[in-house]
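1. could you look at this predicted model? Sequence included:
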Amino acid sequence: MNIKKRIHARKIALSYLYQHCFFRNLVTQRSATIEALFIDNIFQSQTEKFEKAKEEFKRKIEMHKDENFQEHMMDFVGNFFDEWTAEDVDFDYLCKVVPAVDTYEKELEELVDSYATTFKYIDMDIIDQSLFLLGYIERKTL
């Protein structure tokens, strides 16, 4: 294993998992949706306009949240990590770890919630969720 390639791949995986958690939170947490629409001057008091804008916002986020990583992996790497060439990244690692988010995220959430007494997984900071998720997936898949 090439350590430099693995480090680069872990940075990419963490970035992708952060994006995944961010989009999931936008869709599931009402306050995030309200804030996002507020930026566009759409207020909750405008009931009909707000509901229509909320559904459109969620639809757009769902499109990004559900993208297949392996289909878009090279674009993701090229767009966000353009200082590295393909030879600088452990793509085998990425192909094992990142797609496993769908398999292990709910399991991790239940595990955290069973041990934590003062918070729930969904209440954690997005970066904390991403870090926990990366560590958990690595332990399960590698």
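-> Nice, thanks for sending it over.

2. give me the buried stretch members for the strand or helix carrying Gln19, please.
-> Per DSSP states H and E, Gln19 falls inside helix 3-28. Residues 5, 8-10, 12-14, 16-27 are the ones in helix 3-28 that count as buried (16 or more other C-beta atoms under 10 Å). From N, CA and C alone the C-beta is placed, and that goes for glycine too.

3. now do stretch 45-64
-> 50, 53-54, 57-58, 61.

4. take those residues and keep only those in strands.
-> Among these, DSSP state E puts none in strands.

5. rebuild those as CSV, extending it with distance to Phe91 and pLDDT.
-> Formatted as CSV, these follow (distance: C-beta to C-beta, whole Å; pLDDT from 0 to 100):
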residue, distance to Phe91, pLDDT
Phe50, 43, 83
Ala53, 39, 84
Lys54, 38, 81
Phe57, 33, 81
Lys58, 32, 81
Ile61, 27, 79
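
6. take those residues and keep only those in helices.
-> When DSSP state H is applied, these are split such that 50, 53-54, 57-58, 61 fall in helices.

7. ok, which pair from those residues is furthest apart?
-> The largest separation in these, counting by C-beta to C-beta, is between Phe50 and Ile61 at 16.1 Å.

8. who's in contact with Met73?
-> Contacts for Met73 were tallied using C-beta atoms under 8 Å, 6 or more residues apart in numbering; they are 91, 94-95, 98.

9. for the protein, which helix or strand comes out least confident on mean pLDDT?
-> Each helix and strand of the chain was given a mean pLDDT (mean pLDDT, DSSP states H and E); the minimum falls on helix 30-39 at a mean of 74.
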